[in-house]
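In: predicted model follows, preceded by the sequence.
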Amino acid sequence: MSAPLHVAVVGAGAFGGWTALWLRRRGCRVTLLDAWGPGNSRSSSGGESRVIRGLYGPDRIYVDWVVRSFEIWEESEARWSTQLYTPTGTLWMFGGPDDYARTGLPHLQAAGLPAAEIELSEARRRFPQIDFTGITSTFFEERSGWLAARRACRTVAAALIREGGAVREEAVRPGRIEGGRMAWLKLADGTRLEADAFVFAAGPWLPDLFPDLLGQAIHPTRQEIYFFGTPAGNPQFRQGALPVWLDLSPGSSFYGIPGTDHRGFKIADDTRGEPIDPTSGERTVTPERLEAARAYIARRFPALAGAPLVESRVCQYENSPDGDFLIDRHPEAANVWLAGGGSGHGFKLGPAVGEHTAGLVLGEGKPLERFSLARLAAGAARKTQFDVEPADGG
């Protein structure tokens with residue numbers, strides 16, 4: 001019998017970790033490599049929490065992947081006896097055009113994800129801790145919530161090891177492409193790791209690994225996350241009393257996640273920040289953005305006016321120009337695949353993206369044009385109502 005296909009997967013975040021696990025389950029020999037390990041603080045998949053929601057405007061492909069990811073997340077929780085998903089529901093607030101929600105509701109209903117518009121009077125009754133001034137419409141997704149991001153990355157990597165794969169904390173560079181193929185990766189100590197196929201799911205490091213190919217296609221941006229302290233003994237800002245929420249009013253793109261392991265009231269601005277070097281960039285929040293977040297919560301959540309900052313962190317989005325993913329074959333190497341462009345909304349879809357990418361590596365199906373490298377090389381940009389997809393957290 002021939003030896004199993006050896007696949008080296010670079011990047012142990014949401015896309016890389018799940019791709020590696022699916023490849024192993026399909027019988028491949030798998031080596032998963034990450035410079036600082038699964039869920040590390042520099043990665044786009046690090047941090048405490050990410051939103052999982054189904055609303056995607058008119059984009060049915062993402063809704064289908066959300067449904068599939070829900071199945072895998074829930075099956076994996078049971079298999080691993082580890083909580084990764086916390087259901088809270090998601091409240092969408094609009095202070096202007098809400099076509100994004102209205103065009104998305106039929107897709108959610110067809111996919112079996114309960115969601116509906118709720119009257120403002122009902123929203124005020126259900127969520128009295130929110131000041132709805134300026135909000136003109138609200139929508140609620142029932143089957144949504146948040147995922148434990150760092151814990152999930154580490155749990156997926158641990159499952160890969162248990163199931164016979166290998167995880168290595170190594171910095172790598174792509175090997176030379178000759179004859180339309182890549183044969184090895186160069187490790188930091190100068191040695192080589194040979195494999196039959198390669199998946200580069202290195203998030204914001206993809207432009208550094210492939211500067212000529214992706215230097216103008218993937219743009220890492222600096223995103224600040226804040227955790228504010230809530231009033232002692234006040235249950236209004238805990239899980240169960242408040243859902244995940246997104247405020248898409250004019251001039252606002254804030255979102256928040258309640259609970260998050262008692263770290264405080266999480267809030268962040270989804271507006272794409274300044275460029276960041278994911279390796280050397282400092283991770284300290286800026287006074288200007290912090291004050292903007294303080295002003296926002298004082299207006300939208302009056303009981304939190306003057307709340308102390310108890311934690312903060314800086315993550316990054318790895319954005320594509322149109323907010324869609326990159327899942328495609330390298331144009332010069334038939335055995336090299338690229339998976340990235342999460343654009344701040346990819347984490348929840350990691351299980352489905354990994355399943356899809358593993359199938360491509362094994363020759364099942366063709367890359368989807370929607371996620372092609374060619375459309376990025378051509379500078380195509382698919383603008384949504386918000387320029388890019390609302391993100392799911394840092």
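Out: Nice, thanks for sending it over. Numbering: from 1, shown residues only.

In: find the nearest non-adjacent residue to E77, please.
Out: Nearest residue to E77 in three dimensions, chain neighbours excluded: L84, at 5.4 Å (CB to CB, 6 or more residues apart in numbering). Every residue, glycine included, has its C-beta placed from N, CA and C.

In: swap in F200?
Out: In space, F200 is closest to V10, 4.8 Å off (CB to CB, 6+ apart).

In: check contacts around the residue nearest to E77.
Out: Contacts for L84 (CB atoms under 8 Å, 6 or more residues apart in numbering) come out as W73, S76, E77, L147, A148, R151, A152, T155.

In: am I right that the fifth one is in contact with Q83?
Out: Yes. Using CB atoms under 8 Å, A148 and Q83 qualify as a contacting pair, with a distance of 7.1 Å.

In: so which of the two has more stuff around it?
Out: Using other CB atoms under 10 Å as the criterion, A148 and Q83 rank with A148 on top: 21 against 10.

In: from I257, how far off is that one?
Out: A148 sits 11 Å away from I257, going by CB to CB, to the nearest Å.

In: quick check: neighbours shared by these two?
Out: Contact criterion CB under 8 Å, 6+ apart; residues shared by A148 and I257: S49.

In: which other residues reach the least confident helix or strand in the chain by mean pLDDT?
Out: Ranked by mean pLDDT, DSSP states H and E, the helix or strand of the chain with the weakest confidence is helix 373-377, at a mean of 90. Contacting residues not belonging to helix 373-377 are listed as 213-214, 217, 320-322, 324, 326, 328-329, 331, 338, 341, 369 [CB under 8 Å, 6+ apart].

In: what about the helix ranked longest in the chain, average pLDDT?
Out: Longest helix in the chain by number of residues, with DSSP state H as the criterion: helix 60-80. Averaged across helix 60-80, pLDDT comes to 97.

In: so which bits of that helix are buried?
Out: Residues of helix 60-80 classed as buried by neighbour count (16 or more other CB atoms under 10 Å): Y62, V63, D64, W65, V66, V67, R68, S69, F70, I72, W73, S76.

In: ok, how many other residues are close to E332?
Out: 12.

In: and what of A307?
Out: 21.

In: low-confidence ranges, this structure, go.
Out: 1, 379-388, 394 (pLDDT under 70).

In: centroid residue for it?
Out: Centroid-nearest residue in the chain, with CA atoms, centre = their mean: F347, separated by 2.6 Å.

In: now that one. Nearest residue, chain neighbours left out?
Out: Per CB to CB, 6+ apart, closest to F347 is R50, 4.1 Å.

In: one more: A166?
Out: Using CB to CB, 6+ apart, the nearest residue to A166 is T31, at 4.7 Å.
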